[in-house]
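A.B. asks: predicted coordinates and the sequence they were generated for:
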Amino acid sequence: MTGSTAIRVETLSKTFDTAAVLHDLSLDVRAGELLALLGPSGSGKTTLLRIIAGLDFPDRGRIVFGAEDATRLPVQQRAVGFVFQHYALFKHMTVADNIAYGLNARKRADRPGKSEIKRRVGDLLDLIKLSGFADRYPSQLSGGQRQRIALARALAVEPRVLLLDEPFGALDAQVRKDLRRWLREIHDRTGQTTIFVTHDQDEALELSDRVAVLAKGRLEQIGTPDEVQEAPVSSTVLKFLGDTIEVEAIAQGGEVRVEGRLTPVTAPAGLVGPVKLYARPWQLQFAESHEAHLHGTVRSSYRSQGRQRIEVDRPEGKTVVVEASDTARLPAGRAVGLRILAGHVFAG
Amino acid sequence: MPPPLRPRRRFRQPSVIPGFGLTLGYTLTCLGLIVLLPLAALVVRASGLGLSGIWEVATDPRVASALRVSFGVSALAALTASVFGFLVAWVLTRYEFPGRRIVDAVVDLPFALPTAVAGIALASLYAPNGLVGAQLAKLGIEAAYTPLGIFIAMVFIGLPFAVRTVQPLIVEIDREIEEASATLGAGRIQTLTRVVLPPLIPAVLTGFALAFARGVGEYGSIIFIAGNLPYVSEIAPLLIVIKLSEFDYGGACAIATIMLGISFVTLLVINLIQAWSRRRFGYV
Amino acid sequence: MSEIATDLPRPQAASVVTEGGLVRGLLVTVAIVFLALFLVLPLVTVFVQAFAKGWDAYLAAFREPDALSAIRLTLITAAIAVPFNLVFGIAASWAIAKFEFTGKNLLVTLIDLPFSVSPVVSGLIYVLVFGSQGLLGPWLIEHDIQIIFALPGIVLATIFVTFPFVARQLIPLMQEQGTAEEEAALTLGASGWHAFRTVTLPNIRWGLLYSVLLCNARAMGEFGAVSVVSGHIRGLTNTLPLHVEILYNEYNFVASFAVASLLAGLALVTLGLKSLLEWRYAGDLAASGRRH
């Protein structure tokens, strides 16, 4: 399904008042893919989404839909389906009227007949599994139901692209998980090109075909969830995708040493001298002193979801968190050695 | 890497919502024609008199006396309205009693009742042969046709301002801070004076200023009960009307300018109180 | 989504931290007695005096041609001033609430200005512009256009004193509602006008009704400003409040209070509907509905 470029974002720049929110950002969205825009708050991801929708205007750059330059196309003519963070359902309309809104807003000549609209609304309600809810008002629905109605309303106009702004942001943890899976199913069923904005890395990695990581208005990396996790292009991406331990290291000839001891991590060609090594908590292992890269004393340990997490104070004052499946509890104050099993290095 | 964009300040943040030019243009046109232009006419006319001309009118004994009556009585009335307004607001938000909703609605009566209607009603009540006036006469108090009558009318029209500015803030008070104060050993009076009342002071002051400004400008509800005796119970707005009927436009403008000036100062003071309140308490 | 209610919330559940029962009872009594004496008694007086000489005397007040023409003039004035301020209020609140631009606070302050101007001064400024000695006076006389001492002057003065009503009610309401629903409508293909009609207008309808109610009460009851520009020509430029004044000054108390009772009735209906709206649609009226 995925293939040709559906939307091309070219060298987009945007400032708000005095703060720059997008810097020269370029991005291709493939037809039929589910793309996550991932970034911390203030990274410009929502602004990018709104510019694609035509709800905001870039200072520079272009938005191309297929072969058509859409930069100046009014929002009404872009045929996008936008799901707002807080849904923006029309409070005074029933669920059915909300979903039918886009169809009813069309000029008489393009407007489907009453029965056709009713049929389409019914189909969409079936799709989102809320068939009995046509005559309810938004205030009578739960958060998750409102979210689904907002999605149906956006799909009703048969958009070229579906845009979702923090779609699960306002929901409880459990509802969020269910809806994630459900959105993936809908996407697989409809093949609708979809972009969604999130600050939750788990959400982005679990749900999407590709992830675009944004930071400070720039595109750091775009790739499949596996690509960005296995080969992050910068420490920013790496740090944003999960907990990390940061260690001073020396690189030479592709080899990386920590406190003089060789690690299994390889440095990219050309990276020589003092570098930073980043490892995930599970990429460390307790080891005998003569095999260890790091030394320290146990500060505390706790269990979380079947894993043991141990905080280790290093002599120079930093604390690292190690994850181990060992069930033995390590008493506080015990001296331990840590061995690095894997990681990434970037210039310090 | 391209050079960083030079941040720009715009008159308006771009928005996809249509109609800005049309609605703002219409707003400014109406505002200009209905409000600003006529007010400018007053300023032009008054500046023709010059400061000395205005001063001359203001120091005319009859005008000076009218201004004194308007401002002095209004200040007293606003003070009274603030005290009772606070009491009413407190009772309405804190206590449950039968007819609470009706009492709450009654507070807005002076907003809704045309001033002339209030005026003749107050006059007939407080006249020497009126329901209240007769009782007061027994005590040797004359209300109608004296500054006391003006005071009563000004309390009447000022009260809703006093109530409605403090009421929402009393609603907002978190009961937990009172409970916290009590657990720390404070008595009820201490809790009220040290914890509950201080944050309400800005609102009380704002309510006072609004009631004061309204009292100074008020005309309809006062002239019937005031008796309008020059040097005794004549208010400044009435003097404007009198000057106008004598075709003394200059005199009317001078008094109007003074009153306008005072109400702008009041407005400024209200804004300062609110700015201070925002800084100090985080809300208005 | 936070909704700021203008409705009167119930007092919070009884806390041990409150005043004693005796103090409570005393304060409630003082408040009620004060309100009864200062606010309710004058209202009651209007009706008592109006019916002091019975139904026939009451009704006679409305058989006067002057009274009928005053009613007509008041209705005409309100019928022009209220819709004018309705349109203005919607336009102003749209521009102010839905957009960010420099000078917005100044604009809001200027719109509020008429509330802080004495009614008499509000009338005076129109005399200064349109009166025979006014800025445009000579030109108007030359073209035989009468504004002061005529309907246009009365309407203008009424528009001035009621100018902020609708705008100041709608601005906080629309600000609170934000722009997300309008944006949603636009992404679904609606034109700006269609979005306004189908999304914005239904969202503000109760606030709109509320403000129109108050605007109308003030428009029909305005006395000071209208008194200055009307010229008090009986049967021609007398509105209801001015007619009340004339009758009162002629010691025709029954007729004066009878006409006043009409206006008091309007005030009561307004208050009743207002309270009903506040009670029923508190969340849809939004912030700051209380101050005028």
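C.D. replies: Perfect, I can see it now. Residues are numbered from 1 along each chain as shown, chains lettered A, B, ... in the order given.

A.B. asks: got the CA coordinates for the helix or strand harbouring B:V117 in CSV?
C.D. replies: B:V117 belongs to helix B:115-126 when elements are defined using DSSP states H and E. The C-alpha trace of helix B:115-126 is given here as CSV (Å, rounded to 0.1, in the frame of the first residue of the first chain):
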residue,chain,number,x,y,z
THR,B,115,-33.6,55.2,36.7
ALA,B,116,-36.6,57.5,36.3
VAL,B,117,-38.9,54.8,37.8
ALA,B,118,-36.5,54.3,40.7
GLY,B,119,-36.4,58.0,41.1
ILE,B,120,-40.1,58.7,41.5
ALA,B,121,-40.5,55.6,43.7
LEU,B,122,-37.7,56.7,46.1
ALA,B,123,-39.1,60.2,46.1
SER,B,124,-42.6,59.1,47.0
LEU,B,125,-41.3,56.7,49.7
TYR,B,126,-39.0,59.2,51.4
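
A.B. asks: do it and chain C meet?
C.D. replies: Yes: counting by C-beta under 8 Å from any C-beta of the partner chain, chain C is contacted by helix B:115-126 at B:T115, B:A116, B:V117, B:A118, B:G119, B:I120, B:A121, B:L122, B:A123, B:S124, B:L125. C-beta: built from backbone N, CA, C; applies to glycine.

A.B. asks: so what's the second one up against?
C.D. replies: For B:A116, the contact set (C-beta atoms under 8 Å, 6 or more residues apart in numbering or on different chains) comprises B:G220, B:S221, B:F224, C:G221, C:F223, C:P241, C:L242, C:V244, C:E245, C:A260, C:L263.

A.B. asks: quick one: which of these is nearest chain A?
C.D. replies: C:G221 (32.6 Å; C-beta to the nearest C-beta).

A.B. asks: tell me the SS of A:R136?
C.D. replies: At A:R136, secondary structure determined by DSSP: H, G, I helix; E, B strand; the rest coil is coil.

A.B. asks: and it, how far is that from A:G81?
C.D. replies: Separation of A:R136 from A:G81 (C-beta to C-beta, to the nearest Å): 21 Å.

A.B. asks: can you name the residues in contact with the lengthiest helix in chain A?
C.D. replies: The residue-count maximum for a helix in chain A (DSSP state H) belongs to helix A:173-190. Residues from elsewhere that reach helix A:173-190, judged by C-beta under 8 Å, 6+ apart: A:34, A:127-128, A:142-144, A:147-148, A:151, A:155, A:167-168, A:171, A:192, A:194, A:203, A:206-207.

A.B. asks: and if we set it to 10 Å?
C.D. replies: A:1, A:32-34, A:83, A:127-129, A:142-145, A:147-148, A:151-152, A:155, A:162, A:164, A:167-172, A:192-194, A:196, A:198, A:200, A:202-203, A:206-209 (C-beta atoms under 10 Å, 6 or more residues apart in numbering or on different chains).

A.B. asks: as a whole number, average confidence for stretch B:40-57?
C.D. replies: For stretch B:40-57, the mean per-residue pLDDT is 89.

A.B. asks: ok, and the closest non-adjacent residue to the residue of the stretch 1-150 of chain C found nearest chain B?
C.D. replies: Taking C-beta to the nearest C-beta, chain B has its nearest neighbour within the stretch 1-150 of chain C at C:S118, 2.9 Å off. Excluding its sequence neighbours, the residue lying closest to C:S118 (C-beta to C-beta, 6 or more residues apart in numbering or on different chains) is B:G217, at 2.9 Å.

A.B. asks: correct me if wrong: the one you found contacts C:G224.
C.D. replies: Yes: with contacts counted by C-beta atoms under 10 Å, B:G217 reaches C:G224, the gap being 8.2 Å.

A.B. asks: residues shared between the contacts of those two?
C.D. replies: B:P237, C:S118, C:P119, C:V120, C:V121, C:S122.

A.B. asks: after the host helix or strand of the first one, heading C-terminal, what element do we hit next?
C.D. replies: Spelled out, it's B:P237. Assessed by DSSP H and E, B:P237 sits inside helix B:236-245. Scanning forward in sequence from helix B:236-245 by DSSP H and E, the next helix or strand is helix B:249-281.

A.B. asks: list the buried residues for that following helix?
C.D. replies: Judged by neighbour count (16 or more other C-beta atoms under 10 Å in any protein chain shown), helix B:249-281 contains these buried residues: B:249-260, B:262-263, B:266-267, B:269-270, B:273-274, B:277.

A.B. asks: out of these, which touch chain A?
C.D. replies: Contacts with chain A within those, as defined by C-beta under 10 Å from any C-beta of the partner chain: none are present.

A.B. asks: just the helices from the stretch 201-348 of chain A, written as ranges.
C.D. replies: A:201-207, A:225-230, A:235-240 (DSSP state H, counting those that start in this stretch).

A.B. asks: pLDDT weak spots in the stretch 201-348 of chain A?
C.D. replies: Residue ranges of the stretch 201-348 of chain A with pLDDT under 70: A:325-328.

A.B. asks: repeat the analysis, applying 90 as the threshold.
C.D. replies: Filtered on pLDDT under 90, the stretch 201-348 of chain A yields the residue ranges A:242-243, A:245, A:253-254, A:259-260, A:267-272, A:281-282, A:284-292, A:294-295, A:298-337, A:347-348.

A.B. asks: what does it put close to chain C?
C.D. replies: Counting by C-beta under 10 Å from any C-beta, no residue of the stretch 201-348 of chain A sits close to chain C.

A.B. asks: what does the stretch 201-348 of chain A have sitting close to chain B?
C.D. replies: Residues of the stretch 201-348 of chain A lying near chain B (C-beta under 10 Å from any C-beta): A:R218.

A.B. asks: give me the residue from the stretch 201-348 of chain A nearest chain C.
C.D. replies: For the stretch 201-348 of chain A, C-beta to the nearest C-beta, closest residue to chain C: A:G217, 20.3 Å.

A.B. asks: touching, that residue and A:G44? I think so.
C.D. replies: Yes: counting by C-beta under 10 Å, A:G217 touches A:G44, with 4.2 Å between them.

A.B. asks: what does A:A31 show for phi and psi?
C.D. replies: phi -60, psi 130 (degrees, to the nearest 10).

A.B. asks: now it: closest residue in space, sequence neighbours ignored.
C.D. replies: Using C-beta to C-beta, 6+ apart, the nearest residue to A:A31 is A:A6, at 4.1 Å.

A.B. asks: equivalent analysis for A:I149, please.
C.D. replies: In this structure, A:I149 finds its nearest non-sequential neighbour in A:V95, 5.5 Å apart by C-beta to C-beta, 6+ apart.

A.B. asks: what's near enough to touch that neighbour?
C.D. replies: Neighbours of A:V95 in contact, by C-beta under 10 Å, 6+ apart: A:89, A:121, A:125, A:128, A:130, A:132-138, A:140-141, A:145-146, A:148-149, A:152-153.

A.B. asks: so who does C:L209 touch?
C.D. replies: C:L209 neighbours (C-beta under 10 Å, 6+ apart): C:Q169, C:L273, C:K274, C:L277, C:Y281, C:D284, C:L285.

A.B. asks: I'd like to know how many residues surround the closest residue to the second one other than its chain neighbours.
C.D. replies: When you say that, I think you mean C:L273. Leaving aside its chain neighbours, C:L273 sits nearest to C:L213 (5.7 Å; criterion: C-beta to C-beta, 6+ apart). Neighbourhood size, C:L213 [other C-beta atoms under 10 Å in any protein chain shown]: 19.
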